[in-house]
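Enquirer: Predicted model follows, preceded by the sequence.
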Protein chains: 2
Amino acid sequence: MSEKVDIGAQGFLYPMPMTLVGADLETGPTFMTIAWINRAEMNPPLVMAGLNKAHATCAGIREHGEFSVNLPSIDMVAITDWCGLSSAKRGANKAAPFTVERGTLAHAPLIAECPLAMECRVERVVDLGTHELVVGEIVATWTEQRFLDESGKPDVTRLRPFTLTMPDNRYWAVGEQVGRAWADGRGFEPPAEG
Amino acid sequence: MSEKVDIGAQGFLYPMPMTLVGADLETGPTFMTIAWINRAEMNPPLVMAGLNKAHATCAGIREHGEFSVNLPSIDMVAITDWCGLSSAKRGANKAAPFTVERGTLAHAPLIAECPLAMECRVERVVDLGTHELVVGEIVATWTEQRFLDESGKPDVTRLRPFTLTMPDNRYWAVGEQVGRAWADGRGFEPPAEG
């Protein structure tokens, strides 16, 4: 560890995908800004999210057992950040800036302005302390033809999502393609065993 | 949902952070390529990872209750992808290409070539089926002074990590800064309530 320094236990992943997680409250749909989220299982298709239990959205997720994961584009940085700064518990109507649509589930409000959105059914909730780890099964993924590539897959250069780094708290666009997964490693030669 | 199309249940987050998760086997340290990972809790600092149980690394994590999360730079695309294509169970020595160092834990092998690496102690393992959701508490975050900004925080433009998109299976650099978190939303004016 010659040149290495230990900067402590508050380490983060670089970078983290930005989303707006939606749920229904008694007052209507609401959305919270979430970067601690990812896929967790291939089949069934599960997502995992670390959510601060204090948020109103968490109560909505627990009540209905359904939620949405909406991916905003870089045109939506300010509104996405506003959803993280404002609070439904303090009276903010966080659905007001959006066109809210419904897919197949009754309580997974979808943001029409987001280029991609998933509807999820809660599979389990694991209590971690301040946060809870919500595992959800994806039941539908909504996007538009204009965001798909020639093979019908979402194209990140058309979705134009953005990412977060902590603890410096900055948002970043996606950059250049630097390789192909399950492909570029074929050209790598590991060192011969001694 | 006028223009929206449902492309099915296999939705993904865009983009996902690339890591090499390390553990000790009887034969020595090994690393697997993991993108389904993120933070899950602030205090204690927890990470969550969705890991295919078939991998040798998972057995090492379960045996020792410790693992590492190493963030490769874009200079390490081919070697990182190779770690995903090759298999310790089929005899590949996935530590051979790296300089392996130790921090404070006995069984969290760290890759010296990675600009940032975390040591983690298993907090719990949740069985999801094919995958397991490993929750780990970060005990140390190793980096180098040259990767830190003026305020002592890791600088993503110096770390130069890369990300993954699925199912198109492409790697991407981090792009331009597009905003500041918990800041840019202050300038957003939500529509007035009707």
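Expert: Received the coordinates, thanks.
Enquirer: Show me the helices in chain A, by range?
Expert: Counting by DSSP state H, residue ranges of the helices within chain A are A:56-64, A:77-85, A:156-159.
Enquirer: Just say which of these is most tucked in.
Expert: Across those, the average number of neighbours (mean count of other C-beta atoms under 10 Å in any protein chain shown) peaks for helix A:77-85, which reaches a mean of 22. Placement of C-beta: from N, CA and C, glycine included.
Enquirer: Against which helices or strands is it packed?
Expert: Helices and strands touching helix A:77-85, by 3 or more C-beta pairs under 8 Å, 6 or more residues apart in numbering or on different chains; DSSP states H and E, are strand A:28-34, strand B:170-180.
Enquirer: Tell me which of those is the most buried.
Expert: For the helices and strands packed on helix A:77-85, the highest mean count by mean count of other C-beta under 10 Å goes to strand A:28-34, at a mean of 24.
Enquirer: which strands and helices sit next to it?
Expert: strand A:19-25, strand A:46-52, helix A:56-64, helix A:77-85.
Enquirer: go with 10 Å
Expert: Using 3 or more C-beta pairs under 10 Å, 6 or more residues apart in numbering or on different chains; DSSP states H and E, the elements in contact with strand A:28-34 are strand A:19-25, strand A:46-52, helix A:56-64, strand A:66-71, helix A:77-85, strand A:100-101, strand A:110-111.
Enquirer: I'd like to check the angle between the second one and strand A:19-25, please.
Expert: Read it as strand A:46-52. 80 degrees (axes from the mean of the first three to the mean of the last three C-alpha atoms, to 10 degrees).
Enquirer: The fourth one too?
Expert: Orientation check (the same axes, to 10 degrees): strand A:66-71 against strand A:19-25 gives 150 degrees.
Enquirer: Direction included, what does the strand of greatest length in chain A pair up with?
Expert: Longest strand of chain A, by residue count under DSSP state E: strand A:131-144. Its sheet considered, strand A:131-144 pairs with strand A:46-52 (antiparallel), strand A:116-127 (antiparallel), strand B:4-6 (antiparallel) by DSSP bridges.
Enquirer: Check the offset of it from the chain's centre.
Expert: In terms of C-alpha atoms, centre = their mean, to the nearest Å, the centre of strand A:131-144 is found 9 Å from the chain centre.
Enquirer: Stretch A:162-174 too?
Expert: On C-alpha atoms, centre = their mean, the centre of stretch A:162-174 falls 13 Å from the chain's centre.
Enquirer: Check stretch A:40-58 too.
Expert: 9 Å.
Enquirer: Now do it: distance from first to last residue.
Expert: Length of stretch A:40-58, first residue to last, C-alpha to C-alpha, to the nearest Å: 19 Å.
Enquirer: residue contacts, A:Met118?
Expert: By C-beta atoms under 10 Å, 6 or more residues apart in numbering or on different chains, the residues touching A:Met118 are A:19, A:21, A:45, A:47, A:67-71, A:103, A:108, A:110, A:136, A:138-143, B:9-13.
Enquirer: of the residues you listed, buried ones?
Expert: Buried by 16 or more other C-beta atoms under 10 Å in any protein chain shown: A:19, A:21, A:45, A:47, A:67-71, A:103, A:108, A:110, A:136, A:138-143, B:9, B:11-13, out of those.
Enquirer: so where's chain A uncertain?
Expert: Within chain A, the stretches with pLDDT under 70 are A:1-2, A:193-194.
Enquirer: between the longest strand of chain A and strand A:28-34, how many degrees?
Expert: Using the same axes, to 10 degrees: strand A:131-144 against strand A:28-34 is 110 degrees.
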